[in-house]
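Visitor: give me coordinates for this.
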Amino acid sequence: GDKMAAGGCSPAARELFAEGLLQFLRPAVRQLDGSVRAVRESQVELREHIDSLATELYHINEDQKVALDLDPYVKKLLNARRRVVLVNNILQNAQERLRRLNHSMAKETLRRKAMLEAAAASGYPQGLPGK
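Guide: Coordinates of the predicted model:
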């Protein structure tokens, strides 16, 4: 009681808070990872469409009887493709960081669970003092 009034927090309360925070964050990290994965897949699809369109423009340009300069359009498409690849690389890095965060949270949850079980085995039948 006095520690709580003085602004301190018992170790058990800190553990409970940390566990709650992990439980709160885990679904958000998973949802974000899923969203990043979906965007990366659409980026790959977009890059494939850009490649296909660039190839079609090249063939149209080759087949034309009248000289029609499609090179600027092909260059614009290739520039767009380059930007798509850059965005995809950024997303890939973000997704890797999300995976590491998710893995760290899972490890931390297991560690905390083991600590709580050890505390329960050492004399706190319900796992936390005061319960």
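Visitor: give me the domain ranges for the chain.
Guide: 12-67, 69-121 (the TED database).
Visitor: element containing the closest residue to L77 other than its chain neighbours?
Guide: Among residues not flanking L77 along the chain, A54 sits closest, at 4.6 Å (CB to CB, 6 or more residues apart in numbering). From N, CA and C alone the C-beta is placed, and that goes for glycine too. In this structure, A54 sits in helix 11-63 according to DSSP states H and E.
Visitor: show the model's pLDDT score for the residue nearest to L77.
Guide: According to the predicted model, the pLDDT of A54 comes to 85.
Visitor: just to revisit the earlier point, who are the packing partners of the helix holding A54?
Guide: Secondary-structure packing of helix 11-63 (3 or more CB pairs under 8 Å, 6 or more residues apart in numbering; DSSP states H and E): helix 71-121.
Visitor: helices and strands around the helix it packs on, which ones?
Guide: Taking 3+ CB pairs under 8 Å, 6+ apart as contact, the helices and strands that helix 71-121 lies on are helix 11-63.
Visitor: so how far is stretch 83-94 off the chain centroid?
Guide: A distance of 13 Å separates the C-alpha centroid of stretch 83-94 from that of its chain, computed with CA atoms, centre = their mean, to the nearest Å.
Visitor: check stretch 106-113 too.
Guide: Averaging C-alpha coordinates over stretch 106-113 and over its chain gives two centres that are 20 Å apart (CA atoms, centre = their mean).
Visitor: likewise for stretch 18-34?
Guide: Stretch 18-34 has its average C-alpha position 11 Å from the chain's average C-alpha position, going by CA atoms, centre = their mean.
Visitor: show me what counts as buried in it.
Guide: Of the residues in stretch 18-34, those scored as buried under the neighbour-count criterion (16 or more other CB atoms under 10 Å) are E19, L22, V29, D33.
Visitor: so where does L68 fall, helix or strand?
Guide: When elements are defined using DSSP H and E, L68 is found to belong to no helix and no strand.
Visitor: that one touches N61, doesn't it?
Guide: Yes - with contacts counted by CB atoms under 8 Å, L68 reaches N61, the gap being 6.5 Å.
Visitor: what about I50, how many residues nearby?
Guide: Neighbours of I50 under the rule other CB atoms under 10 Å: 20.
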